[in-house]
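# Compute the structure for the input listed below.
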Amino acid sequence: MADAGQPELLDLMLALRARRAPYALATVVETAGSASARPGAKALIAADGALLAGWVGGGCAESAVRQAALDCLREGRPQVIELDLDDEVLGTGMPCGGSMRVYVEPVTPPPALWILGHGRVAECLCRFGATLGFRVIVDDTPAPDAARYPDAAEIIGDDYDYARLEPLAADAVVIATQHKGDHLSAVRALRSPAGYIAVIASRKRSRLVLEFLRGEGFAEQDLARLRAPAGLDLGAETPEEIALSVLGEIAMLRRGGSGRPMREAAGDRDAAPHPGPAEARGRDKVAAF
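Below you'll find the predicted structure:
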């Protein structure tokens, strides 16, 4: 049996964090009767429902806790589950005796903002992205100046073929290479599951990049994932304004915003009939990641 005080459980949690792998932590908070686990017992459950380490009870409770972990990871919020270990029909499946309350919480890595390139726009993206809670990774090969990216969690300076660009589905990739290798890095980014991929470039350069990607065999549905030119239309001119327009677009897509003025969007919401849950999630929204 393992609990949070044992090194193997803590080591595994640190290893999962280093790999940016999501998991759920289940903690027994209350027991009654002949429940085999005790308050404080913990277990780690992987994103696929596998029990990684720890123990919160035998077969009577494990399957229910693992299912709750999957629900928590999918919904992004914790829950407390009540396990009736006496009821083989309505409870957890086996009459083990007693009852348990288990707190299950999802642990997901913060989304990463991958910035490819250098210059004032990249520096502003790094600062703004960190402020918004992103884990900022800067790829400024071949000679990054760490002093220019004080908010970066990681700085890469030896990635000539972008092999270290490995974003997750919740990550954003912004290519700000000032035309140098932007088409090549876009290939790597589009072959990843990144939820947001953008190129900071002029409209002319953006067309050239898209033409190159078509020549590489990307279908139109793949190219639709690439936002080029990047950002919202703010009339941005300065590096700070450009970075703001890009981070604004990322925030809009992550939160399912419409990009419209708040007074217009708020007016439509007030005038419209009260929607059901599914309609509320979909109305005036763009695809979120």
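# just for the stretch 1-150 of the chain, where's the confidence low?
For the stretch 1-150 of the chain, applying pLDDT under 70 flags the ranges 1-7, 60, 86-97.
# where does Arg164 land in three-state SS?
Following DSSP: H, G, I helix; E, B strand; the rest coil, Arg164 is assigned to coil.
# so what's the residue nearest in space to the middle of the chain up against?
Nearest residue to the geometric centre of the chain (CA atoms, centre = their mean): Ala170, 3.2 Å. For Ala170, the contact set (CB atoms under 8 Å, 6 or more residues apart in numbering) comprises Thr108, Pro111, Ala112, Gly195, Phe289. Quick note: C-beta positions are derived from backbone N, CA and C, even for glycine.
# OK, contacts around the last one?
By CB under 8 Å, 6+ apart, Phe289 lies in contact with Ala169, Ala170, Gly195, Tyr196, Leu253, Arg254.
# Ok, the third one next?
If you count contacts by CB under 8 Å, 6+ apart, Ala112 has them with Arg20, Phe134, Arg135, Val136, Ile137, Ala153, Pro167, Leu168, Ala170, Asp171, Ala172.
# Return the closest of these with respect to Ala189.
Ala189 has its nearest neighbour among these in Pro167, at 7.3 Å by CB to CB.
# buried stuff in stretch 46-57?
Neighbour-count burial for stretch 46-57 flags Ala46, Ala47, Leu51, Leu52, Ala53, Gly54, Trp55, Val56, Gly57 (criterion: 16 or more other CB atoms under 10 Å).
# Quick check: which element contains Val56?
Assigned by DSSP states H and E, Val56 falls within no helix or strand.
# contacts for the host helix or strand of Ala186?
Following DSSP H and E, the helix or strand that holds Ala186 is helix 182-190. The contact list for helix 182-190 (CB under 8 Å, 6+ apart) reads 116-117, 161-163, 165, 167, 173, 175, 177, 197, 199, 201, 205, 208-209, 212-213, 216, 218, 222-223, 225-226, 228.
# Take those and keep only those in helices.
Counted as lying in helices by DSSP state H, out of the contacts of helix 182-190, are Arg205, Leu208, Val209, Phe212, Leu213, Asp222, Leu223.
# Make a markdown table out of these and add pLDDT and neighbour count.
Below are the ones in helices among the contacts of helix 182-190 laid out as a markdown table (pLDDT from 0 to 100; neighbours: other CB atoms under 10 Å):
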| residue | pLDDT | neighbour count |
| --- | --- | --- |
| Arg205 | 91 | 17 |
| Leu208 | 93 | 16 |
| Val209 | 92 | 23 |
| Phe212 | 94 | 15 |
| Leu213 | 95 | 19 |
| Asp222 | 94 | 14 |
| Leu223 | 95 | 16 |
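# Of all pairs in the residues you listed, which one is the farthest apart?
Within the ones in helices among the contacts of helix 182-190, Arg205 and Asp222 form the most distant pair, 19.0 Å apart (CB to CB).
# and stretch 36-49, which residues are buried?
Going by 16+ other CB under 10 Å, stretch 36-49 has these buried residues: Ser36, Ala37, Ala41, Lys42, Ala43, Leu44, Ile45, Ala46, Ala47.
# Arg101 is in contact with Asp84, correct?
No - using CB atoms under 8 Å, Asp84 and Arg101 do not qualify as a contacting pair, with a distance of 10.7 Å.
# that older thread, any chance of the backbone angles for the residue nearest to the centre of the chain?
With angles defined as degrees, to the nearest 10, Ala170 sits at phi -90, psi 0.
# State the distance from it to Arg191.
Separation of Ala170 from Arg191 (CB to CB, to the nearest Å) stands at 17 Å.
# With Gly257 instead?
Distance from Gly257 to Arg191, counting by CB to CB: 28 Å.
# Please identify which of the two sits among more neighbours.
Each of Gly257 and Arg191 has its neighbours counted (other CB atoms under 10 Å); Gly257 has more, 17 against 12.
# Pretty sure Ala251 is one of the things that one touches, is it not?
Yes - if you go by CB under 8 Å, Gly257 and Ala251 touch, sitting 7.3 Å apart.
# between the two, what contacts are shared?
Here Gly257 and Ala251 share no contacting residue, scored by CB under 8 Å, 6+ apart.
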